[in-house]
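# make a model of this:
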Amino acid sequence: MTRYVGAIDQGTTSTRFIVFDREGEMIACAQREHTQIYPKPGHVEHCPKEIWANTQAVMREALDAAGLTPTDLLSIGITNQRETTLLWDRRTGEPLHNALVWQDTRVEPLVASLAREGGRDRFRAQTGLPLASYFSGLKLAWLLDHVDGARARADAGEILFGNVDTWLVWNLTGGPEGGLHVTDVTNASRTLLMSLADLTWDPDLCRSLGVPEAILPRIVSSSEVYGETRAPFPGVPIAGILGDQQAALFGQTCFRAGEAKNTYGTGCFLLMNTGAEPVPSTCGLVTTVGYRLDGQAPVYALEGSIAITGALVQWLRDNLGLIRDSAEIESLAAGVADNGGLYFVPAFSGLYAPHWCESARGLIIGLTRYANRGHIARAALEATAFQTREVVEAMVEDSGIDIRELRTDGGMVGNDLLMQFQADILDVAVVRPKVTETTALGAAYAAGLATGYWNSLDDLVANWGVDRRWEPGMAAGPREWLYAGWSRAVKRSFDWAEPEA
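Okay, here's the model as predicted:
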């Protein structure tokens, strides 16, 4: 009997279930988008119940489309949008509030308050993270303080906290009827509550953020059998959990120190494997857990997180009506020879790595009567490549390791114009693998390793292959002139937003 491994890929805009075979090839896939909720400027929410309903639906749909049954699955892995924060009633499963999405900036006053004592790097030595609205421990503190009765109920042990991975595992394994309350080390490392040194919840950090430890999930490795599904179908082991960007690092088989990948999705997330020891950053990156296999030491990574890349294309489509379909951006941008002097800084919710400027806001600069729709489209694509170069330069400085090639994945890697410009502005080869669904693949790999579908990391490396490679072709002079213009534009975006009243 041929068996497969499934992966739940719960992302910022949609949920997918993908089934993979032993060669890492996709056998079946189903996808559903969920609602993006914007109650106020800077506030971004998702409905937890919608995400759970969509997860169940795509699991059934993918199996039905391929003529498979749950018994054809050896195990399931989960990968998820990180830092998105949920609170729910442990007895009923009812969320106390919409999920606060990783892009949400409502905790900026709390960030400023905590930074008054010790600065933005107050917790960096323990967690590898700066103080920023990005991370879920701060969002959890906001929920406890702003949802009626939440803090009292937390103290009474009536509610549970989790990022999306925890919410899904709890529901998949029974919910109120014995559901497992766990999170893996990669997701825990994004909370500002976990000690990087021993991978446990830090009591001092919890006290500083006002978070009761009793509501936190148990921290587990990224690859082990946690339990079995009870819904939407019973009896399939859940055996892998990785935050989406660590899952992509794993799916790209970046198992050696110095290997790096960039995922081009809603945002961009560039991770470099740094090996068995965490590397502190002095250049605006975060130090995070890359993955941990069952019974083994953790592997660490440096990460540069960019908030808005693919989301900028969606914004041009949905908010401005500049294009009807996201795929049109490439042909529109290709209709002009260059950006016409335009730069587009998409600081819609501030700037993440390497600037960490939450008061920055988006701008288009360099407009003249010469500019047209094509120049705006091209500037939007180039913004992704420019932001990636900022992160690469910081990563090289922090690690002392030159990046000789950049492995890429995510929805934007089918854009040849962007990939060539990325190689040009980096002056480094850009590589697209044969299987670009590396986030889901990484979760499947973690689950398959834990259940014997694959025997070792060597099996996974053997599956990886190159689909296309872009070599840099831009001369140094134009490259540096373009990048200098970008740097000027970024500085103009700083310190625009005023604190909330």
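# only C-alpha atoms for contact and neighbour calcs from this point on.
Noted.
# per-residue confidence for residue 112?
At residue 112, the predicted lDDT confidence score is 89.
# how close does it sit to residue 205?
With distances taken as CA to CA, to the nearest Å, residue 112 is found 16 Å from residue 205.
# and the next element down the chain from whichever helix in the chain runs longest?
Among all segments of the chain classified by DSSP state H, the helix with the greatest residue count is helix 373-399. Toward the C-terminal end, the helix or strand that comes next after helix 373-399 (DSSP states H and E) is strand 405-409.
# coming back round to it: orientation of the longest helix of the chain relative to strand 405-409 in degrees?
In this structure, helix 373-399 runs at an angle of 120 degrees to strand 405-409, with axes from the mean of the first three to the mean of the last three CA atoms, to 10 degrees as the basis.
# mean confidence score for helix 373-399?
Per-residue pLDDT values across helix 373-399 average out to 94.
# and that helix, what other elements does it pack with?
In this structure, helix 373-399 packs against strand 268-275, strand 299-306, helix 310-318, helix 328-334, strand 343-345, helix 416-426, with contacts taken as 3 or more CA pairs under 8 Å, 6 or more residues apart in numbering; DSSP states H and E.
# so which of those comes closest to residue 397?
When these are compared for distance to residue 397 using CA to CA, the nearest one is strand 299-306, at 11.4 Å.
# that closest one pairs with which strands, and in what direction?
Strand 299-306 has the following sheet partners, assigned by DSSP bridges: strand 268-275 (antiparallel), strand 286-291 (antiparallel).
# hey, which of those is tucked in deepest?
Counting by mean count of other CA atoms under 10 Å, strand 286-291 has the highest mean neighbour count of the strands paired with strand 299-306, with a mean of 29.
# could you pull out the helices for the stretch 151-300 of the chain?
164-172, 185-188, 203-209, 244-251 (DSSP state H, counting those that start in this stretch).
# format those helices as CSV; extra columns: distance to residue 331.
Conversion of these to CSV gives the following (distance: least, CA to CA, whole Å):
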stretch, distance to residue 331
helix 164-172, 36
helix 185-188, 37
helix 203-209, 48
helix 244-251, 28
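# with mean neighbour count added, can I get the ones you listed in CSV?
Written out in CSV, the entries for these read as follows (neighbours: other CA atoms under 10 Å):
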stretch, mean neighbour count
helix 164-172, 25
helix 185-188, 29
helix 203-209, 15
helix 244-251, 30
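# what's the local residue count around residue 467?
11 (other CA atoms under 10 Å).
# mind listing what the closest residue to residue 358 other than its chain neighbours touches?
Using CA to CA, 6 or more residues apart in numbering and skipping residues adjacent in sequence, the residue nearest residue 358 is residue 350, 4.1 Å away. By CA atoms under 8 Å, 6 or more residues apart in numbering, the residues touching residue 350 are 356-362.
# what sits against residue 391?
Contacts of residue 391 were listed using CA under 8 Å, 6+ apart, and they are 270, 285, 304, 353-354.
# and the helices of the stretch 151-300 of the chain: which comes nearest residue 144?
Taking CA to CA as the measure, these were each checked against residue 144, and helix 203-209 came out nearest at 10.5 Å.
# for that closest one, packing partners?
Checking 3+ CA pairs under 8 Å, 6+ apart, helix 203-209 ends up next to helix 136-146.
# restricting to C-alpha, output the helix it packs on in PDB.
The C-alpha atoms that make up helix 136-146 are tabulated as PDB, following Å, rounded to 0.1, in the frame of the first residue of the first chain:
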ATOM      1  CA  SER A 136       3.100  37.300  20.300                       C
ATOM      2  CA  GLY A 137       3.900  37.700  24.000                       C
ATOM      3  CA  LEU A 138       3.100  41.400  23.700                       C
ATOM      4  CA  LYS A 139      -0.200  40.700  21.900                       C
ATOM      5  CA  LEU A 140      -1.100  38.200  24.600                       C
ATOM      6  CA  ALA A 141      -0.500  40.900  27.200                       C
ATOM      7  CA  TRP A 142      -2.800  43.300  25.300                       C
ATOM      8  CA  LEU A 143      -5.600  40.700  25.100                       C
ATOM      9  CA  LEU A 144      -5.300  39.900  28.900                       C
ATOM     10  CA  ASP A 145      -5.600  43.600  29.600                       C
ATOM     11  CA  HIS A 146      -8.300  44.600  27.100                       C
END
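# mind starting the numbering at 662 from now?
Sure thing, new numbering starts at 662, so read that last one as helix 797-807.
# next, the buried residues of it.
With burial defined by 16 or more other CA atoms under 10 Å, the residues of helix 797-807 counted as buried are 797-805.
# for the residues you listed, give me JSON lines that also has pLDDT and distance to residue 1080.
Listed next are the buried residues of helix 797-807 as JSON lines, based on pLDDT from 0 to 100; distance: CA to CA, whole Å:
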{"residue": "797", "pLDDT": "95", "distance to residue 1080": "32"}
{"residue": "798", "pLDDT": "95", "distance to residue 1080": "35"}
{"residue": "799", "pLDDT": "96", "distance to residue 1080": "35"}
{"residue": "800", "pLDDT": "97", "distance to residue 1080": "35"}
{"residue": "801", "pLDDT": "97", "distance to residue 1080": "37"}
{"residue": "802", "pLDDT": "96", "distance to residue 1080": "40"}
{"residue": "803", "pLDDT": "96", "distance to residue 1080": "39"}
{"residue": "804", "pLDDT": "97", "distance to residue 1080": "40"}
{"residue": "805", "pLDDT": "96", "distance to residue 1080": "43"}
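# tell me which of these is nearest to residue 1113?
Ranking the buried residues of helix 797-807 by separation from residue 1113, with CA to CA as the measure, puts residue 797 on top at 33.2 Å.
# for that closest one, list the residues it contacts.
Applying CA under 8 Å, 6+ apart, the residues near residue 797 are 744-746, 763, 824, 851-853.
# just the buried subset of those residues, please.
744-746, 763, 824, 851-853.
# so what's the residue lying farthest from the centre of the chain up against?
For the chain, the C-alpha lying farthest from the average C-alpha position belongs to residue 1030; by CA atoms, centre = their mean, that distance is 38.1 Å. With contact taken as CA under 8 Å, 6+ apart, residue 1030 is in contact with no other residue.
# SS state for it?
Classification of residue 1030 using DSSP: H, G, I helix; E, B strand; the rest coil returns coil.
# residue 766 and residue 703 touch, don't they?
Yes: the pair residue 766 and residue 703 qualifies as a contact (CA atoms under 8 Å) at a distance of 5.3 Å.
# which neighbours do these two have in common?
When contacts are counted by CA under 8 Å, 6+ apart, residue 766 and residue 703 are jointly contacted by residue 1010.
# coming back round to it: nearest to residue 996, of the contacts of residue 1052?
The shortest separation between residue 996 and any of these is 29.1 Å, and it belongs to residue 931 (by CA to CA).
# need the nearest residue in space to that closest one, chain neighbours excluded.
Leaving out its chain neighbours, the residue that sits closest to residue 931 by CA to CA, 6+ apart is residue 923, at 4.2 Å.
# residue 821 versus that neighbour, what's the distance?
Between residue 923 and residue 821 the distance, using CA to CA, works out to 33 Å.
# coming back round to it: of the contacts of residue 797, the lowest pLDDT goes to which?
Going through these one by one, the lowest pLDDT turns up at residue 763, 90.
# just the element for that one, please.
Taking DSSP H and E as the definition, residue 763 sits outside all helices and strands.
# what sits against it?
Contact criterion CA under 8 Å, 6+ apart gives 742-746, 795-797 as the residues in contact with residue 763.
# where does the residue lying closest to residue 984 once chain neighbours are set aside land on pLDDT?
Ranked by CA to CA, 6+ apart and with sequence neighbours excluded, the top spatial neighbour of residue 984 is residue 978, at 4.9 Å. Residue 978 carries a pLDDT value of 93.
# tell me how many other residues crowd residue 978.
The criterion is other CA under 10 Å. On that basis, residue 978 has 17 neighbouring residues.
# for it, give its distance to residue 1072.
15 Å.
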